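*Asks:* Below is the sequence, then the predicted model.
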Amino acid sequence: MHHNILFELGIVLFLGFFAAIIMKKLGQSVIAGYMVVGLLIGPNVIGLVKEPSLLNLLSELGVVFLMFFLGLEFSVNKFRKIKNSVFFIGTYEVILNLAIGLLVGSAIGLLFKERLFLAGIIALSSSGVVAKLLFDMKKTASMESEVLMGVMVFEDFFAIVLLGILSSFAASNNVQVGIIALSIGKALIFYAVFIVVGVLVINKISDLLLRIDSQELFTALMLGSILLIGSLAVKMGLASAAGAFLLGMIINSYDVEERLHRTVSAFKDIFIVVFFISFGMLLDPRQIPDILWMIAIIVPVTIAAELIVTSSSAFFSGFSSKSAVAIGASMIARGEYSLIYASLGYATGAISQSLYQFTGLYVFIMTLIAPIAMKNSKSIKSAMSFITPGFIKYSTKLISVTMKPILLPEEVGVKVDRSYRFLIYFSIYIAIVVAAFVAKNIYILIALALAGLFVVLRLKQLFAGKIKKIEEQIDYQKVHQGPYNLDTISRFISNLFSALLAIIVLGASFWNFGYMVMVTLLAVLIVYLTTVSIYVYRVSRNSL
């Protein structure tokens, strides 16, 4: 066994080197080369590595160290500035991607349990892959990258909630509220306590670290700390990488960061190679013919959904169209959570072997496409702009200009609204939507739908009030050249906002009764009519 692991680790790193050289010569991401090496030397092809379980265990270290160093680039102070945008984009992206997963599952004839698992498999991006791409492309310092990684942290939290839901369904056909509540509570406690305590004591810890003269002792202490924090995160039901990211995020000493890059960074570089090559070993080429039809349907749908849903949410939060599409393209990668959900479903018999094998190939393909999409985000943006009708461009720009002071206030110098009523009601709304997706009793669903509509009405009132407070700060002349009426624009945005929220909660409540397509068409119709109406109003005002 000792000889085996030396050979396996040696062949992985040795061939990983040549794969990286070849991919760089071709101008492609090294991730693709690593995954192809894993596929070839894995147990399902050549078989140089017959049992990759130990390598899979070591590969987790790669993601842990990678996320720790990304956390160094992403301070608590930065997160405070972008938290509204992160919460908006993350919620918008996760809920709509889950809905798309359920729709696709229904369309291809999956059973109820399998639809839920498929939704989880295709809804969440890979923080490990995204972080690696950001480092490779040297984009960690940009505003969109900061928001992007904030969304990834938000997704990590949501992924744990979803894992609790899927675990309940895997064991039975009902949601066990206690399991889900416990998962959420432990995650919230971990995030809150770790950040608060960390911020209070980190300066003293930094001073102590700088006093350690020995590089050997410094490296041992930091490696041990990163691994222990990752282990604590796992004990609390979170991903180990989430704990490492938080540890990196609270370190605010430039001298400590520099020393970490000189000492610990090499471990990140080594184990991230192991991570991606081990990932490629999971694929079984013999299963590919049986699942190609699923790949042909779901991969294009996922890419289109990520580009449209995530890019639009980033654009609505105040980013330029160029930055918004860059964020959407960066979120295409799929990875660890897809594999976790598929493994859980397959081990408990909740999903079929074909869906399990689909997950491996799906993640592989999405990971290959992600760097290509990121590098070509400008071209994607141009193509999306070309095919987007004028009335959609106009109405979405109105929303973006209006939402920017709310979600990215530091860029326009607007005083931040400290009221948390909207956040409280929106959190209740999310809880209702999640509960509606998994509930099956018709009376409970009707009650949830009515409660959701009441909350939407309250959110509309609060949202309209927020717009009223900041409307004098918004320069609509950038969008609306000519006379315009602030009340008309404000009413359009709040009506569209509440209509979409109402559609989502109704769709979540009744999707399992065959009404999902009808609700989706209704949503499209509402968006079309409201956006056309405001565009026609603009044209008529300008013609006066």
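*Replies:* Nice, I can see it. If you're wondering where the values come from, they're calculated on a predicted model, not measured in any experiment.
*Asks:* Could you pick out the longest helix of this structure?
*Replies:* The residue-count maximum for a helix in the chain (DSSP state H) belongs to helix 177-210.
*Asks:* Just give me how far the next helix or strand after that helix sits from the chain centre.
*Replies:* Using DSSP states H and E, the helix or strand that follows helix 177-210 in sequence is helix 215-235. Mean-position distance between helix 215-235 and its chain equals 26 Å (Cα atoms, centre = their mean, to the nearest Å).
*Asks:* Measure how helix 215-235 sits relative to helix 177-210, angle-wise.
*Replies:* Relative orientation of helix 215-235 versus helix 177-210 (axes from the mean of the first three to the mean of the last three Cα atoms, to 10 degrees): 170 degrees.
*Asks:* so what does helix 215-235 touch, helix or strand wise?
*Replies:* Where contact means 3 or more Cβ pairs under 8 Å, 6 or more residues apart in numbering; DSSP states H and E, helix 215-235 is packed against helix 53-72, helix 177-210, helix 240-250, helix 254-263. (Each C-beta comes from the backbone N, C-alpha and C, glycine too.)
*Asks:* in what helix or strand does residue 47 lie?
*Replies:* Per DSSP H and E, there is no helix or strand for residue 47.
*Asks:* Count the residues that sit near it.
*Replies:* 11 (other Cβ atoms under 10 Å).
*Asks:* got it, and residue 221?
*Replies:* Counted with other Cβ under 10 Å, residues neighbouring residue 221 total 14.
*Asks:* next one: residue 492
*Replies:* Residue 492, neighbours per other Cβ under 10 Å, totals 19.
*Asks:* What of the one 10 residues further on?
*Replies:* Neighbouring residues of residue 502 were enumerated by other Cβ under 10 Å; the total is 21.
*Asks:* So which elements touch the helix or strand where it lies?
*Replies:* Assessed by DSSP H and E, residue 502 sits inside helix 486-510. Judged by 3+ Cβ pairs under 8 Å, 6+ apart, helix 486-510 is in contact with helix 76-107, helix 390-407, helix 421-438, helix 442-470, helix 516-542.
*Asks:* Swap in 6 Å and give it another go.
*Replies:* The helices and strands touching helix 486-510, judged by 3 or more Cβ pairs under 6 Å, 6 or more residues apart in numbering; DSSP states H and E, are helix 390-407, helix 421-438, helix 442-470, helix 516-542.
*Asks:* among those helices, which is the most enclosed?
*Replies:* Ranked by mean neighbour count, the helices and strands packed on helix 486-510 are led by helix 390-407 with a mean of 20 (mean count of other Cβ atoms under 10 Å).
*Asks:* Just want the angle from that helix to helix 76-107.
*Replies:* Helix 390-407 runs at 140 degrees relative to helix 76-107, counting by the same axes, to 10 degrees.
*Asks:* so helix 390-407 versus helix 442-470, what angle?
*Replies:* In terms of direction (the same axes, to 10 degrees), helix 390-407 departs from helix 442-470 by 80 degrees.
*Asks:* So what angle separates the directions of helix 390-407 and helix 421-438?
*Replies:* 120 degrees.
*Asks:* Let me see the mean pLDDT of helix 390-407.
*Replies:* What helix 390-407 shows for mean pLDDT is 77.
*Asks:* What is the distance between that helix and the centre of its chain?
*Replies:* 23 Å.
*Asks:* Grab the CA positions of it and hand them over as PDB.
*Replies:* Output in PDB follows, covering the C-alpha atoms of helix 390-407 (Å, rounded to 0.1, in the frame of the first residue of the first chain):
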ATOM      1  CA  GLY A 390     -34.700  46.800 -27.800                       C
ATOM      2  CA  PHE A 391     -37.600  46.800 -25.400                       C
ATOM      3  CA  ILE A 392     -35.900  44.200 -23.200                       C
ATOM      4  CA  LYS A 393     -32.600  46.300 -23.200                       C
ATOM      5  CA  TYR A 394     -34.400  49.400 -22.200                       C
ATOM      6  CA  SER A 395     -36.500  47.900 -19.400                       C
ATOM      7  CA  THR A 396     -33.600  45.900 -17.900                       C
ATOM      8  CA  LYS A 397     -31.400  49.000 -18.000                       C
ATOM      9  CA  LEU A 398     -34.000  50.900 -16.000                       C
ATOM     10  CA  ILE A 399     -34.000  48.200 -13.400                       C
ATOM     11  CA  SER A 400     -30.200  48.100 -13.300                       C
ATOM     12  CA  VAL A 401     -29.900  51.900 -12.800                       C
ATOM     13  CA  THR A 402     -32.600  51.800 -10.100                       C
ATOM     14  CA  MET A 403     -31.200  48.800  -8.200                       C
ATOM     15  CA  LYS A 404     -27.500  49.900  -8.200                       C
ATOM     16  CA  PRO A 405     -27.800  52.400  -5.300                       C
ATOM     17  CA  ILE A 406     -29.600  49.700  -3.200                       C
ATOM     18  CA  LEU A 407     -27.200  46.800  -4.000                       C
END
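*Asks:* Hey, what's the angle from it to helix 486-510? Just curious.
*Replies:* 90 degrees.
*Asks:* Between the helices and strands packed on helix 486-510, which one is closest to residue 240.
*Replies:* For the helices and strands packed on helix 486-510, proximity to residue 240 was assessed by Cβ to Cβ; helix 421-438 is nearest, at 24.6 Å.
*Asks:* list the helices and strands the closest one packs on?
*Replies:* Packed next to helix 421-438, using 3+ Cβ pairs under 6 Å, 6+ apart, are helix 442-470, helix 486-510.
*Asks:* For that helix, which outside residues touch it?
*Replies:* Identification of contacts with helix 421-438 by Cβ atoms under 6 Å, 6 or more residues apart in numbering yields 165, 175, 448, 451-452, 455, 458-459, 462, 505, 508-509.
*Asks:* could you redo the last one with a cut-off of 7 Å?
*Replies:* The contact list for helix 421-438, computed with Cβ atoms under 7 Å, 6 or more residues apart in numbering, reads 91, 95, 165, 175, 445, 448-449, 451-452, 455-456, 458-459, 462-463, 466, 501, 504-505, 508-509.
*Asks:* closest to residue 381 out of the helices and strands packed on helix 421-438?
*Replies:* helix 486-510 (23.0 Å).
*Asks:* Now do the closest one: distance to the chain's middle.
*Replies:* That offset, for helix 486-510, works out to 23 Å (Cα atoms, centre = their mean).
*Asks:* And stretch 116-131, by the same measure?
*Replies:* 7 Å.
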